[in-house]
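K.L.:
Any chance you can model this:
(2 chains)
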There are 2 protein chains.
Amino acid sequence: MLLLVGLGLGDPDGITLRGLNLAKQADIVILDAYTSVLPEAYIKQISALLDRSITIGSRYDLEDRAADIIEQARTHNVCILVPGDPLIATTHLSLIQMALQKGIPVDVVNGVSIHTAAISLSGLHIYKFGPTVTIPLEAMERKIRSPADRILENLKRGLHTLTLLEYDAKRAEGVTVNYAARYIHEHLPQVYSRDQPSVAVIRAGFPDAVVVAAPIYELEKGEFPPAPHTLIVTGDLHFTEEEWLRLLQKAPPYLGRASRFHRKSR
Amino acid sequence: MLLLVGLGLGDPDGITLRGLNLAKQADIVILDAYTSVLPEAYIKQISALLDRSITIGSRYDLEDRAADIIEQARTHNVCILVPGDPLIATTHLSLIQMALQKGIPVDVVNGVSIHTAAISLSGLHIYKFGPTVTIPLEAMERKIRSPADRILENLKRGLHTLTLLEYDAKRAEGVTVNYAARYIHEHLPQVYSRDQPSVAVIRAGFPDAVVVAAPIYELEKGEFPPAPHTLIVTGDLHFTEEEWLRLLQKAPPYLGRASRFHRKSR
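P.N.:
As a prediction, this is how the structure comes out:
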């Protein structure tokens, strides 16, 4: 059978116990290093955690040689590990599609995804979010305005927008909140200049994660730990949301202490 | 410090390694049995998994006695375990708010949430979802029409809607897809009668999870494993989504096989 397991956010301990146990028992484990480019250190850690050999899946393996993987899944338990939650990238849907067409059973173990984690960490009401957008690398240089258009559409309905910022894990580089703020300045000056706080969720899943609430013009100047970053552009605020964001503005960044907690208790 | 850890979906093995390790090392562990009512078996399993004593947090503990919990967090590492992802319920935000106001550090470990898992399992594009709605128990009997209104608003923009169906874990009873379909029949007859498939995601996170694509009038008559259920009402479909849903309609339900995989490999 074909099994897709989500690795969750941040370091390899973001995987669920369910996913870990199933991956350990699979005949073949392939780590998807294509739809999310993975740093070397991460690959070593995940291999140590599973205590078994794993194959690194390149674009070539996961797309051009997909039929071979599916053939293997006919006679073996083949597990593909995917950062975040599986099935968000169409590559994985294609693999499942091929398997189903050949009558090969498929299963999926969900992982923690930034799509919910960032909203959760922001403390805003999840029911008030419109469609998510992504700001790609060089959005301004490449004159990409669709994310701004969609943020505006959400705002017209009073909705918040989760703005994912493209990230290249191999180069450990990505769109920062500072860049996203400049992008919003350029395309949505009315949002940029208002005093209502938006929320930057920085390095969700990593020990140095931080959540910051501030007007976007302040976020532009913020000094944050390196990417991955996300930005939530707020729409109409419920009074409990307003209260929460006011507290978050005054309070020191409230995350990034798990590692200390960890050390203290050992 | 105060630590909130998400337990993820389904059985206790839905927790992340990160959450498990931190919970094991905390001085005090409180299982939130208020915002999600938990069955006895689950409580036993989670206690066995952590291999330590845990306190069951009732509404009284988590709301009326919240100040006591926060005082304990001043001198101890207090960990609150929350089914799904923490911070979705306002109860947990209040706890954090109280802690921050007293200068007590707070951290959050995200868990797998149905908000992303159901969308992921449906195979639909996550960027095309409008705001999520919840259909509460007895929505028709209590003449609650706001979920229908919001589904309609999403449809007007061509967006899909993740429709969460209220669930009472203690009674192991909840709104079923069949009930939700009747609700949509009553309030959105034009959606009910069309042939375009919607998607039922049944028991996400449990070993007998199933994903079914069918027009809503067929889902009304479907026979599914017991709740928790969710329903995704589809808006405009991208051609790759259409293709995917056609395959899903023909293929047997493609999930719920992890347990078999598990057994085979042991």
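K.L.:
got the domain boundaries for chain A?
P.N.:
Recorded structural domains for chain A (assignment: automatic domain parsing) are A:2-109, A:114-257.
K.L.:
Using a markdown table, lay out those together with mean neighbour count, mean pLDDT and distance to B:Gly158.
P.N.:
Bear in mind the C-beta positions are built from the backbone N, C-alpha and C, glycine included. Shown next, in a markdown table, are these (neighbours: other Cβ atoms under 10 Å in any protein chain shown; pLDDT from 0 to 100; distance: least, Cβ to Cβ, whole Å):
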| stretch | mean neighbour count | mean pLDDT | distance to B:Gly158 |
| --- | --- | --- | --- |
| domain A:2-109 | 20 | 91 | 19 |
| domain A:114-257 | 19 | 92 | 10 |
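K.L.:
Among those, which comes closest to B:Ser53?
P.N.:
When the domains of chain A are compared by Cβ to Cβ, domain A:2-109 sits nearest B:Ser53, at 20.0 Å.
K.L.:
I'd say A:Met98 and A:Glu71 touch.
P.N.:
No: look at A:Met98 against A:Glu71 with Cβ atoms under 8 Å: they stay out of range, at 9.7 Å.
K.L.:
residues touching A:Pro215, list them.
P.N.:
A:Pro215 sits next to A:194-198 when contact means Cβ atoms under 8 Å, 6 or more residues apart in numbering or on different chains.
K.L.:
from these, which two are the most distant?
P.N.:
With distance counted by Cβ to Cβ, no two of the contacts of A:Pro215 lie farther apart than A:Asp195 and A:Ser198, which are 10.7 Å apart.
K.L.:
and the closest residue to A:Ser36 other than its chain neighbours, what does it touch?
P.N.:
Of all residues beyond its chain neighbours, the one nearest A:Ser36 is A:Pro83 (4.0 Å), with distances taken as Cβ to Cβ, 6 or more residues apart in numbering or on different chains. Applying Cβ under 8 Å, 6+ apart, we find A:Pro83 in contact with A:6-8, A:32, A:35-36, A:38, A:111, A:169.
K.L.:
Now with 10 Å, please.
P.N.:
Listed by Cβ atoms under 10 Å, 6 or more residues apart in numbering or on different chains, the contact partners of A:Pro83 are A:6-10, A:12, A:14-15, A:31-33, A:35-38, A:42, A:46, A:89, A:111, A:113, A:169, A:205.
K.L.:
Ok, A:Arg142 next?
P.N.:
Going by Cβ under 10 Å, 6+ apart, A:Arg142 touches A:Pro136.
K.L.:
Against chain B, how distant is it?
P.N.:
Going from A:Arg142 to chain B by Cβ to the nearest Cβ, to the nearest Å gives 19 Å.
K.L.:
just the helices in chain A please.
P.N.:
Here chain A has its helices, by DSSP state H, at A:17-25, A:40-50, A:59, A:66-75, A:90-101, A:114-122, A:146-156, A:177-187, A:189-192, A:216-221, A:239-250, A:258-265.
K.L.:
Can you add distance to B:Gly103 and give those back as JSON lines?
P.N.:
Listed next are the helices of chain A as JSON lines, based on distance: least, Cβ to Cβ, whole Å:
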{"stretch": "helix A:17-25", "distance to B:Gly103": "34"}
{"stretch": "helix A:40-50", "distance to B:Gly103": "34"}
{"stretch": "helix A:59", "distance to B:Gly103": "49"}
{"stretch": "helix A:66-75", "distance to B:Gly103": "53"}
{"stretch": "helix A:90-101", "distance to B:Gly103": "44"}
{"stretch": "helix A:114-122", "distance to B:Gly103": "20"}
{"stretch": "helix A:146-156", "distance to B:Gly103": "35"}
{"stretch": "helix A:177-187", "distance to B:Gly103": "26"}
{"stretch": "helix A:189-192", "distance to B:Gly103": "32"}
{"stretch": "helix A:216-221", "distance to B:Gly103": "23"}
{"stretch": "helix A:239-250", "distance to B:Gly103": "11"}
{"stretch": "helix A:258-265", "distance to B:Gly103": "15"}
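K.L.:
could I get these as TSV with distance to chain B?
P.N.:
Formatted as TSV, the helices of chain A follow (distance: least, Cβ to the nearest Cβ, whole Å):
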stretch	distance to chain B
helix A:17-25	4
helix A:40-50	8
helix A:59	19
helix A:66-75	11
helix A:90-101	4
helix A:114-122	4
helix A:146-156	8
helix A:177-187	17
helix A:189-192	19
helix A:216-221	19
helix A:239-250	6
helix A:258-265	4
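K.L.:
Settle this for me: A:Thr230 is touching A:Val210, isn't it.
P.N.:
No: checked against Cβ atoms under 10 Å, the pair A:Thr230 and A:Val210 is beyond contact range at 11.5 Å.
K.L.:
Are there residues contacting both of those two? Which ones?
P.N.:
Shared contacts of A:Thr230 and A:Val210, defined by Cβ under 10 Å, 6+ apart, comprise A:121, A:200-204.
K.L.:
Quick check: of these, which lies closest to chain B?
P.N.:
Comparing the shared contacts of A:Thr230 and A:Val210 against chain B with Cβ to the nearest Cβ picks out A:Leu121 as the nearest, at 6.2 Å.
K.L.:
With B:Cys79 as the reference, measure out to that closest one.
P.N.:
Note on A:Leu121: its distance to B:Cys79, by Cβ to Cβ, to the nearest Å, is 17 Å.
K.L.:
ok, now A:Leu9?
P.N.:
Per Cβ to Cβ, A:Leu9 is found 19 Å from B:Cys79.
K.L.:
Also A:Leu137?
P.N.:
The spacing between A:Leu137 and B:Cys79, counted by Cβ to Cβ, is 38 Å.
K.L.:
A:Gly130 now?
P.N.:
With distances defined as Cβ to Cβ, the gap from A:Gly130 to B:Cys79 amounts to 34 Å.
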